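**Student:** take this sequence and fold it.
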Amino acid sequence: MTDIPKTYRVKSFGCQMNVYDGERMAELLGAEGMRAAADGEDADLVVLNTCHIREKAAEKAYSDVGRLRREDGSKPMIALAGCVAQAEGAEARTRSKLIDLVVGPQAYHRLPEMVAEVAKGHRPVDTDMPAISKFGALPARRKVGPSAFLTVQEGCDKFCTYCVVPYTRGAEISRPFADVVAEAQSLVDSGAREITLLGQNVNAYEGGLDRLIREIAKIDGLERIRYTTSHPTDMTDALIAAHAEVDKLMPYLHLPVQSGSDPILKAMNRSHSAESYLRTLEKVRAVRPDIAISGDFIVGFPGETDEDFTATLSIVDAVRYASAYSFKYSARPGTPAAQMEGAVAQEVMDDRLQRLQARIAEHSLAFNRATIGKDTNILIDRKGRLPGQMIGKSPWLQSVFVETGARIGDMLDVTVTHALPNSLGGVLKTAKAA
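**Tutor:** Residues are numbered from 1 along each chain as shown. Alright, predicted model coming up:
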């Protein structure tokens with residue numbers, strides 16, 4: 001037997017959906033009367049909201065668990081949550097006696113109940129994946145920041161050969177249309193001025209992502225709408241049209257391609273080709289010429305040749321990405337790619353990744369430099385490191401540094417004055433208070 005925790009800390013790793021899940025777990029614990037531990041304060045309960053996207057993710061999670069043991073030998077109550085928890089299940093309790101409970105990403109609405117079970121001396125595990133019942137069990141959204149995440153779809157049916165998401169998040173399932181709109185209204189009522197709609201394949205939303213965007217855009221006080229992450233084969237003409245017709249939908253699209261080589265895309269079980277991907281982007285740019293395109297790349301996938309990698313560099317040059325995430329291939333246990341032959345040497349992967357990132361950086365800097373002299377608006381979301389400096393996001397999702405006395409949540413009109421590969425600098429024109 002032990003006491004119910006009075007304080008908690010949630011540590012989220014990985015994707016934006018994990019960030020959203022971490023926020024919701026914090027709200028669940030807060031609704032039970034617990035408070036978030038202050039910086040530097042030992043929490044009574046620590047929730048490790050893990051990510052399984054990289055190789056050896058489980059080992060990293062157990063290392064994180066071990067670091068929670070205090071110098072005097074005591075420890076907080078430890079909850080292993082997220083995708084590593086889903087993958088490991090009850091085995092997690094065997095591998096580490098420090099872990100008190102294990103909860104998967106579709107079951108975290110039971111977190112308070114499971115904490116109470118731990119207090120009674122049990123070590124519960126819940127990795128069930130029911131149809132999105134958790135959202136109905138979550139408390140109302142509390143006060144949020146100026147930019148908020150909103151999950152509308154979870155899971156994936158694509159089964160890319162390198163990816164664990166179908167196994168850790170389950171099949172694609174969409175939340176009811178009315179529930180999403182109601183939560184969006186709640187977020188705006190709580191202070192959000194920008195909402196990012198989330199999903200593993202968000203543009204596969206069953207109710208029609210374009211229709212959802214148009215409905216949410218009617219909410220008074222909502223200034224900006226974004227969505228991520230999208231799959232190329234689910235970019236419908238109706239969604240593309242929304243980029244031209246919905247003023248609140250920001251000119252930014254994250255559309256992962258993963259490789260520019262058709263043989264590699266086929267081996268990855270991606271349902272698009274390099275050509276079809278480029279045709280989709282042509283349609284998007286036809287209706288929104290200023291759009292910033294972001295992407296994901298994997299180098300060193302099993303069997304990738306020099307010619308395959310050259311094709312990836314070619315598609316980077318063709319698209320001219322404003323930004324992109326790039327990674328070396330790492331085998332995920334249980335995925336088909338982990339059993340494939342043709343492993344690429346680490347030194348070859350290192351070289352290819354450096355060359356790819358250098359090419360992406362060239363295009364990112366060129367995109368940012370093209371905004372110099374433009375008037376735009378930014379949403380202030382944090383303080384800068386210098387006195388009087390604030391940082392806000394542009395419509396194209398760049399961080400913009402300005403000298404101003406504005407508050408977090410203010411919308412500012414600025415003129416872009418200089419550009420770096422990952423950020424912009426600007427001067428204030430006029431302010432629109434929150």
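**Student:** could you report the pLDDT at the closest residue to Ala37 other than its chain neighbours?
**Tutor:** Distance criterion CB to CB, 6 or more residues apart in numbering; nearest residue to Ala37, sequence neighbours excluded, is Ala43 at 3.7 Å. No exception for glycine: its C-beta is placed from N, CA and C like everyone else's. Per-residue pLDDT puts Ala43 at 94.
**Student:** which SS class is Ala43?
**Tutor:** Secondary structure assignment for Ala43 (DSSP: H, G, I helix; E, B strand; the rest coil): coil.
**Student:** list the residues that contact it.
**Tutor:** Listed by CB atoms under 8 Å, 6 or more residues apart in numbering, the contact partners of Ala43 are Pro5, Thr7, Tyr8, Arg9, Ala37, Pro76.
**Student:** export the residues you listed to CSV and tack on secondary structure, distance to Val344 and pLDDT?
**Tutor:** Output for these, formatted as CSV (DSSP: H, G, I helix; E, B strand; the rest coil; distance: CB to CB, whole Å; pLDDT from 0 to 100):
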residue, secondary structure, distance to Val344, pLDDT
Pro5, coil, 46, 94
Thr7, strand, 46, 95
Tyr8, strand, 42, 96
Arg9, strand, 39, 95
Ala37, coil, 43, 93
Pro76, coil, 41, 94
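**Student:** so which of those residues is the most crowded?
**Tutor:** Among the contacts of Ala43, Tyr8 has the most neighbours (other CB atoms under 10 Å), with 25 neighbours.
**Student:** got the contact list for that one?
**Tutor:** Contact analysis of Tyr8 by CB under 8 Å, 6+ apart lists Ala26, Leu29, Met34, Arg35, Ala36, Ala37, Ala43, Asp44, Leu45, Val46, Val47.
**Student:** can I have the buried ones of the residues you listed as a ChimeraX selection?
**Tutor:** Buried residues within these, by 16 or more other CB atoms under 10 Å, are selected in ChimeraX with:
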select :26,29,34,37,43,44,45,46,47
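**Student:** so which of the contacts of Tyr8 is the closest to Arg279?
**Tutor:** Proximity of these to Arg279, judged by CB to CB, is greatest for Ala26, which lies at 42.5 Å.
**Student:** tell me if I am right that the closest one is in a strand.
**Tutor:** No - Ala26 is assigned helix when assessed by three-state DSSP, not a strand.
**Student:** circling back to that earlier point, what are the phi and psi angles of the residue nearest to Ala37?
**Tutor:** Backbone torsions for Ala43, taken as degrees, to the nearest 10, come to phi -90, psi 150.
**Student:** give me the pLDDT for Gly300.
**Tutor:** pLDDT at Gly300 comes out at 98.
**Student:** scan this protein for its longest helix.
**Tutor:** The longest helix of the chain (DSSP state H) is helix 346-369.
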